[in-house]
Structure formats: structure tokens, C-alpha cells
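In: Sequence isn't available, so here's the structure alone:
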């Protein structure tokens, strides 16, 4: 499984755009990139997933360069409620065959200030 | 969306007793579920992979006789912490792959806070 590296922490202010970059130099061809958000004493929550280029949903965007050795989670106009730990994971899952385990790195603790 | 229900949300038990944590997939079938533990201010650590109808696969360093996993149906996996000790106090979380999503679309339970006194 590809190992990921993220900044330990980031600070931001309400209304700003926050970009969290994750390095995954050893990503495999069939690996996807997924970001999760976790609040204290809760299970992680899926944010966004991608394989290459750019993916956007209602809460975030995910930018993946051509070499796929890194990815950037972009949170537009953060609010206080976005204060959480964000995890970047890479892994492959062939649903019809072998199952991939998800290994969590240390994550990035985002603190949003008023 | 795919939901995993985990119970109880918190439990306090005495040293030496056993505690069972349940993880149910509510609107989908899960042939595989994963169990994690998380210490305060730390990341999630994968403990074991629960496989429906067969033995669980444990990560290195996790005692299989202490953390009993049963996956008797396609919608239920249980983790039993046997002969609990204070050092087993932790936050336990289960997860399952979301049908139709590739490479990491997993849904997680809300977690169980175990305190052993």
C-alpha cells in the first residue's frame, strides 16, 4: 500500500479557501485517492475520491497531477465547522475480487478560526 | 447512501470482563468489514479484516484471542474484547466498502468509546 505524507496541522480563517496537499510517491496504477474527514469521537466521513485530474463535488475539489504522486484537497470558503482532521488515503479495491485494506496516515488537523 | 451502524457508542466495563461491539451494514451487504482502534490524538490503526463466513485476518501485533471477530452474516460483524484491561480503553471503529465505489469508498461506523475500569 502506498504511504502518504501530509502536513500535521494547518490553520485558517473563516471564509478562506484551504488546500491540503498529500504526497504518495509510491502510488500504484490501480490505486485511487480518497480523502476523509474526522471529528473528535466520530468515525471518518468520506469527502471525495479520485483517480486522476480533477474531481469536484458539493463540498470539495480534488486535484491530482498527471504523475499522481500527490493530490490536493481544496475546501472552498471554510467555516468553523470544518475544523477536523483530514486523512488522505490511497488504495485499490477490486470489488469483485481481492479487497484492499485502508491504512490511515497521521492526517492533517485543520483549525478554522473566526 | 451506504450506512454502517455501530453499537454501543460508549461502554464502561470492569477489568476482566468482556465487551461486544456490533457493526451492521444497514442498506447493503458487506462481505468484508474492517476494525480499527484509535487512541486520543492519534490516527486510526487497522486491527483486523472481518470476512463473512471465514476467519478474520489480524494485523501484526493484534492478539486474535483477545479481540474476537465474528462475521456470521452479510450485514453483521462483531468485535469482542475479552478479559478487558485498562490499556484496552480506546475508540473502536468499524468500516465497510461501499458497493459500486472503487479504491477507497468506505463507510465508517460512528465508533465505540470503550473505557475499562
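Out: Cool, got the structure. Computed from a prediction, not measured in an experiment: that's the story for all the values here.

In: Relative to chain A, how far out is the residue sitting furthest away from the middle of chain B?
Out: Largest separation from the mean C-alpha position in chain B: residue B:100, at 22.2 Å (C-alpha atoms, centre = their mean). Residue B:100 is 8 Å from chain A, where distance means C-beta to the nearest C-beta, to the nearest Å. C-beta: built from backbone N, CA, C; applies to glycine.

In: Are we agreed that that residue is in a helix?
Out: No - assignment of residue B:100 by DSSP: H, G, I helix; E, B strand; the rest coil gives coil, placing it outside any helix.

In: quick one: pLDDT of it?
Out: As predicted, residue B:100 sits at a pLDDT of 73.

In: can you pull the contacts of residue A:86?
Out: Residue A:86 makes contact with A:6, A:20, A:35-38, A:47, A:73, A:107-108, A:110, according to C-beta atoms under 8 Å, 6 or more residues apart in numbering or on different chains.

In: again with residue B:14
Out: By C-beta under 8 Å, 6+ apart, the neighbours of residue B:14 are B:84, B:116-117.

In: By neighbour count, which of those residues wins?
Out: residue B:84 (22 neighbours; other C-beta atoms under 10 Å in any protein chain shown).

In: correct me, but residue B:74 touches residue B:31?
Out: Yes - with contacts counted by C-beta atoms under 8 Å, residue B:74 reaches residue B:31, the gap being 6.4 Å.

In: Counting neighbours, go ahead and name the busier of these two.
Out: Neighbour count, other C-beta under 10 Å: between residue B:74 and residue B:31, residue B:31 has more, with 16 against 13.

In: hey, what's residue B:94 bridged with?
Out: Applying DSSP bridges to residue B:94 yields these beta-bridge partners: residue B:35.

In: got the contact list for it?
Out: Contacts for residue B:94 (C-beta under 8 Å, 6+ apart) come out as B:4, B:6, B:21, B:23, B:33-36, B:50, B:77, B:79, B:108-109.

In: mind checking pLDDT for it?
Out: 96.

In: repeat for residue A:10
Out: 98.

In: Mind listing the residues bridging to it?
Out: Residues in a beta bridge with residue A:10, per DSSP bridges, are residue A:110.

In: what does residue B:12 give?
Out: Bridge pairing for residue B:12 - DSSP bridges - gives residue B:115.

In: so where does the residue nearest the centre of chain A fall, helix or strand?
Out: Residue closest to the mean C-alpha point of chain A, counted by C-alpha atoms, centre = their mean, is residue A:35 at 2.8 Å. Using DSSP states H and E, residue A:35 sits in strand A:32-38.

In: who touches that strand?
Out: Outside strand A:32-38, the residues within contact range by C-beta under 8 Å, 6+ apart are A:22, A:24, A:27, A:44-51, A:60, A:62, A:64, A:68, A:71, A:73, A:84-93, A:102, A:107, B:102-106, B:108.

In: Sort out which of the residues you listed are in strands and list them.
Out: Under the assignment DSSP state E, the contacts of strand A:32-38 contribute A:22, A:45-50, A:62, A:64, A:71, A:73, A:84-91, B:106, B:108 to strands.

In: for chain B, what are the nearby residues on chain A?
Out: Within chain A, the positions lying close to chain B (C-beta under 8 Å from any C-beta of the partner chain) are A:30-34, A:36, A:41-46, A:49, A:51, A:87, A:89-93, A:95, A:99-107.
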